[in-house]
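*Asks:* Following is a predicted model, sequence given first.
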Amino acid sequence: MPDTVRDYTYGLKINKVDLGTEKALDGAKFTIQATGMEDAALDNLYVQKDGSLDENPWYFTTTGGVIKVTGLDAGIYTVTETSAPDGYTAVDHFAFEIKPTMKADDPDAGLTNLTHELNTNNQDGKVIAGLTDEVAGDNSLTAKPNSEIDDEGYYNITVGNTKLINLPLTGLNGVTFTWIAGGAVLCIGVAHLIRSRKRDEGSEE
């Protein structure tokens, strides 16, 4: 009977939401790069649409607020948001690790456990393992219990973007006008002071 070799691959789901409302966001672009593989020759390669690796980056784009990737090997991957949805700021890069446990003394048993580890790069509340608990309004994400792995076997990561703050016309332009007006008043005051001194000096003569 020939030996059977099992090649296990894994799935990832990135969920993109508004950090304040926790509603799904479309149009976010991400790259996923292998940065800690068992085979070091694969490091720095980019995950493609089908889960394979290549030297050129593939730009995943959220549709319905979601990106799905299958065919990932075990190892460490770094996720970079290369472009946030219009009106939002992108999060910093973060990393996750897929860690399977194999039963070496019994090949037929194959995979015995699968764990995942997320390194948020000090972005707790913006990047979480799992789905959100849908309690919005606090500008921080909290994971729904037992939502790291969904029913289809995908590892869930949720990323929250903050909206860009745009000062209204009376804000930014008002600040600029205040500085200009203040400078003009200062110049007028200095000029008046100089003329007054010259007038006083002339009267003394």
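*Replies:* Received, thanks.
*Asks:* just so I have it, where are all the helices in the protein?
*Replies:* 169-204 (DSSP state H).
*Asks:* How much space separates the most centrally placed residue in it from N161?
*Replies:* By Cα atoms, centre = their mean, the chain has its centre lying nearest to V91, at 2.9 Å. Plainly put, V91 is 7 Å away from N161 if you go by Cβ to Cβ, to the nearest Å. In this view, the C-beta of every residue, glycine as well, is placed from N, C-alpha and C.
*Asks:* before we move on, what about V127?
*Replies:* Applying Cβ to Cβ to V127 and N161 gives a distance of 11 Å.
*Asks:* Between these two, which contacts overlap?
*Replies:* Counting by Cβ atoms under 8 Å, 6 or more residues apart in numbering, the contacts common to V127 and N161 are V91.
*Asks:* between those two, which one's more packed in?
*Replies:* V127 (24 against 21; other Cβ atoms under 10 Å).
*Asks:* ok, what's across the strand from the more buried one?
*Replies:* V159 (DSSP bridges).
*Asks:* quick one: contacts for it?
*Replies:* Neighbours of V127 in contact, by Cβ under 8 Å, 6+ apart: 91, 94, 118, 120-121, 141, 157-160.
*Asks:* Now which of those would you call buried?
*Replies:* Buried members of the contacts of V127, counted by 16 or more other Cβ atoms under 10 Å: 91, 94, 118, 120, 141, 157-160.
*Asks:* What ranges in the protein fall below the confidence cut-off?
*Replies:* Low-confidence segments of the chain, defined by pLDDT under 70: 1-7, 102-114, 166-205.
*Asks:* can you give me the strands for it?
*Replies:* 10-18, 29-36, 46-47, 53-54, 60-61, 66-72, 75-83, 88-89, 94-102, 111-119, 127-129, 154-163 (DSSP state E).
*Asks:* List the strands paired with the fourth one, with their directions.
*Replies:* According to DSSP bridges, the neighbouring strands of strand 53-54, each with its direction, are strand 46-47 (antiparallel).
*Asks:* How about residues contacting the strand it pairs with?
*Replies:* 31-34, 53-58, 69, 72, 77.
*Asks:* possible to save those residues as CSV with neighbour count and distance to D150?
*Replies:* As requested, the contacts of strand 46-47 are exported to CSV (neighbours: other Cβ atoms under 10 Å; distance: Cβ to Cβ, whole Å):
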residue, neighbour count, distance to D150
T31, 16, 23
I32, 24, 18
Q33, 18, 24
A34, 20, 23
L53, 21, 24
D54, 10, 27
E55, 7, 31
N56, 7, 29
P57, 16, 26
W58, 16, 23
V69, 22, 13
L72, 21, 15
Y77, 21, 18
